[in-house]
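1. Below are the sequence and a predicted model; questions follow.
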Amino acid sequence: MTGINYSTDKVWAQIACLKRIMKNLVELAPLIILYFIIMPGSGYPRTGETLFDVRDFGAKGDGSTLNTKYLQAAIDSCYSAGGGSVFFPAGRFLTGSIRLKSNVFLELGSGATILGSKDISDFPYHALISADGASNVGIVGSGFVDGQGSTFWKGKERPYHRPRFLIRFDSCRNVRIEDINIRNSPRFNISLSECKLVEIHGISIINDRESPNTDGIDPDGSSDVFISDCYISTGDDAVCLKSNDRDAITSDIVVQNCVLETDDSALKCGTSSHGVIKDCTFNNIIIKNSRYGISLFMKDGGTFEGLKFSDIILQTETAAYCKAGRYSFPIFMDIERRSDASSLGWIRNISFDNIDIETYNGNCLFLGQPNDEIENVVMNNVRMRVLKRIDYSQRHKPRGTRTLTSTASNDYADISSHFTLAYMKDLTIRGLTIRDSDRLTDFERCVLWGKDLQEILIDGMKTRQVIKNQRDPVIEMIECANVTIRNCEPDSSGGPFLGISGKGSARIRLIGNDLSRTRKTVEFSGGASKESVQVLGE
């Protein structure tokens, strides 16, 4: 009988086992590495090779020790070492102004809070966290930045003496703000001034709805900015594109996959509009309980162009949020002067695609100026449900700022209509649907009211009203020319389909509309002639 060398077999079995383990480790290595990268509070330096724990520099997370000098020392040491992560463990780290430097990231572990001081003298840089001229910088992690902002405004009278910014990046490049939670800012939450290549992802910003000037994210003169997967609830504009410098262009901004809620504008351009804001997209966004959904305030002689808004669910303020005497505007565009000495600017090449609107008491208002029209606006598949019709006779258009000294020369906010349009050219509206759910017989509305419109196409408009108009037309045009209205299906109405007024009305064509439920096709007034309209295939 041949003997068996059990020792040799055991060695080979162990070798085979080790081979399987090594094979599995190789296959699982990416997942193991990823686990340590994303593990909240793990302390793994996700943003650099070197980790600097703020506790090693004397910082205390007790919520009462002022840590400004300790945190700045950690940042400075990280910078001197070539960069890395300044790590905040669980705790509440009270501080005044701290300034980031190139290749330095603040990393907020699980349970960590950077807590802003309540003493204005602790903010020499006018911000809690700032960077100037730095590259490859940012704030990441699952922790919080709390500005304790209500200290500076609640129960106090204007002018408020407070830090201007919670987070401010000025002339920076390669900025990343990811996953953090921002709360209770004293004023502007995140300001990006003349920055390039900025990624803001997965953050939340929450402020008291009454908190003044607490804009969420403000790109100003910045380009290549990507804002995604964020929740922003503020007492002022949620995302606001600005142009304070006539020579600095704000461009190539992408905002997507966000939920926005605000006491003011959810998506806004202006009012600071000295230069150019162009080539920006806003898509896959939910807007709720906001006074203005999308607003473009041109005040300072600049240009807004190449702005695309798509796949947006938009709800203006509900009855619970709407203050007495205040009105909502789901979409608002306006050109005017900040002062009598200011120049008029331009709004052109703007598109709205697949927008679902629900508004309690508002309407959409687009206002150009005589000889300075809003140009080339396209609206595709905009659907608006109106819950309540109210008296607009005393209403005025929004001005957007306290600094205006000029009077509003183009105010048509008192017109009772769902869409009020003035001084525009090259306007295309396709697939507009209006559902008016109010059961009041008062305050009839036109679907569209237009003054001094040129080169207009309205195609496939559909209206449904619980209470039908008895007097007002579905569409009213004053001094409008080169207008085509086709394939529309208005609800039954005691008023005409189209009202035309003014001697300048000309070359208006009705093609293939279903007007079987309207009392009258066209009604003329104010010197408009029958020769101004051509009716085909009704």
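-> Okay, I see it. Keep in mind that this is a model prediction, so the values were computed, not measured. Residues are numbered from 1 along each chain as shown.
2. What residues sit buried inside stretch 238-254?
-> 238-245, 248-253 (16 or more other C-beta atoms under 10 Å). Backbone N, C-alpha and C define where each C-beta goes, glycine included.
3. Please convert these to CSV, extending it with distance to residue 415 and pLDDT.
-> Converted to CSV, those look like this (distance: C-beta to C-beta, whole Å; pLDDT from 0 to 100):
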residue, distance to residue 415, pLDDT
238, 28, 98
239, 29, 98
240, 27, 98
241, 28, 98
242, 30, 98
243, 30, 97
244, 33, 96
245, 36, 95
248, 37, 91
249, 35, 97
250, 32, 98
251, 34, 98
252, 36, 98
253, 32, 98
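4. Out of those, which comes closest to residue 441?
-> residue 238 (36.9 Å; C-beta to C-beta).
5. check contacts around that closest one.
-> 215-217, 232, 260-262, 265-268, 290 (C-beta atoms under 8 Å, 6 or more residues apart in numbering).
6. List the buried residues in stretch 408-420.
-> In terms of neighbour count (16+ other C-beta under 10 Å), stretch 408-420 has its buried residues at 408, 410-413, 415-420.
7. Dump that stretch to CSV, restricted to CA.
-> The C-alpha coordinates for stretch 408-420 follow below in CSV (Å, rounded to 0.1, in the frame of the first residue of the first chain):
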residue,chain,number,x,y,z
ALA,A,408,-42.2,101.2,-15.4
SER,A,409,-43.1,102.3,-18.9
ASN,A,410,-44.2,98.8,-20.1
ASP,A,411,-46.4,97.6,-17.3
TYR,A,412,-49.3,95.4,-18.6
ALA,A,413,-49.6,93.3,-15.5
ASP,A,414,-53.2,94.5,-15.0
ILE,A,415,-54.4,92.7,-18.2
SER,A,416,-56.7,89.8,-17.5
SER,A,417,-55.1,87.0,-19.4
HIS,A,418,-53.2,83.8,-18.9
PHE,A,419,-50.3,84.9,-21.1
THR,A,420,-49.7,88.7,-21.5
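8. List of residues touching that stretch?
-> Looking at what lies outside stretch 408-420 - C-beta under 8 Å, 6+ apart - the contacts are 327, 334-336, 363-370, 384, 386, 389, 392-397, 399, 422-423, 432, 434, 436, 443-449, 451, 472, 476.
9. With adjacent residues omitted, what lies nearest to residue 88?
-> Nearest in space to residue 88, with sequence neighbours left out and distances taken as C-beta to C-beta, 6 or more residues apart in numbering, is residue 112 at 3.9 Å.
10. For the one you found, name its beta-bridge partners.
-> Beta bridges link residue 112 to residue 91 when assigned by DSSP bridges.
11. Count the neighbours of it for me.
-> 25 (other C-beta atoms under 10 Å).
12. try residue 457
-> Residue 457: 15 surrounding residues under other C-beta under 10 Å.
13. Residue 242 is in contact with residue 250, isn't it?
-> Yes: shown here, residue 242 and residue 250 form a contact pair, counting by C-beta atoms under 8 Å, at 6.8 Å.
14. Next, show the common contact partners of these two.
-> The contact lists of residue 242 and residue 250 share 219-221, 277, where a contact means C-beta under 8 Å, 6+ apart.
15. Dig out what the closest residue to residue 267 other than its chain neighbours forms beta bridges with.
-> Nearest residue to residue 267, sequence neighbours excluded (C-beta to C-beta, 6+ apart): residue 294, at 4.9 Å. Taking DSSP bridges as the rule, residue 294 bridges to residue 267, residue 331.
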